[in-house]
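S.K.: Next come a sequence and a model predicted from it.
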Amino acid sequence: MIERTLILLKPDALQRSITGKIISRLEDAGLKIVGMKMVWVDKEFSREHYAEHVEKPFYKGLEALITMGPVIAMAIEGVEAIETVRKMVGATEPKSSLPGTIRGDYAHVSYGHADKHGIGIKNLIHASANTEDAKKEVSLWFEDKEMHSYDTVHDAHTTK
Ligand code: IDP
Ligand code: MG
């Protein structure tokens, strides 16, 4: 099943100049970028995107993190892409993310450390958690006219 999912390269990924490395991993897996733009999120939009977390104790730190600089937003398409991308991203806490995942390879901090300093966990990337979130998040971030259909070399290998 071909699915679309929302990826955000968070401000820490841009500030560390590793967005190309992260995007390459998605492309190397054969996933297709069907929408992409740079956005500086404000507090209001953060509350919409992270609506499920607004009442949680870590929200203040999370909001500071997601608004501290621009993000790169991408709509990614591929076979069961939602689950595959979450697997590639790794666990929320970089300390627990396995080597080979984006968060495990490029970050290491723990919940304990972030909470002690009252900061959001800088884990580089957001990816939609499930089908419902992916649908909601892709339409929150992208208008239909910002989405593109085209063929990649991988398309030739996904159905034949
Ligand atoms: P996810 O990004 O892996 O889906 P969520 O639980 O949806 O994780 O949390 C959203 C973001 O909020 C995380 O990616 C992380 O940046 C931050 N976050 C989550 N839990 C904590 C926490 O306990 N302390 C600090 N930041 C947190
Ligand atoms: Mg989440």
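M.R.: Right, received. Where do you want to start? Ligands and ions are numbered 1, 2, ... in the order given.
S.K.: Retrieve the pLDDT associated with K87.
M.R.: As predicted, K87 sits at a pLDDT of 98.
S.K.: For the closest residue to it other than its chain neighbours, give me its contacts.
M.R.: Sequence neighbours aside, T101 is the residue nearest to K87 in space, at 7.5 Å (criterion: CB to CB, 6 or more residues apart in numbering). Placement of C-beta: from N, CA and C, glycine included. Going by CB atoms under 8 Å, 6 or more residues apart in numbering, T101 touches K87, M88, V89, G90, A91.
S.K.: and these, which are buried?
M.R.: M88, V89, G90 (16 or more other CB atoms under 10 Å).
S.K.: Please name the nearest non-neighbouring residue to the last one.
M.R.: By that I understand G90. Nearest to G90 is T101, by CB to CB, 6+ apart, at 2.8 Å.
S.K.: Ramachandran coordinates for the one you found?
M.R.: Dihedral angles of T101 (phi, psi; degrees, to the nearest 10) stand at phi -90, psi 160.
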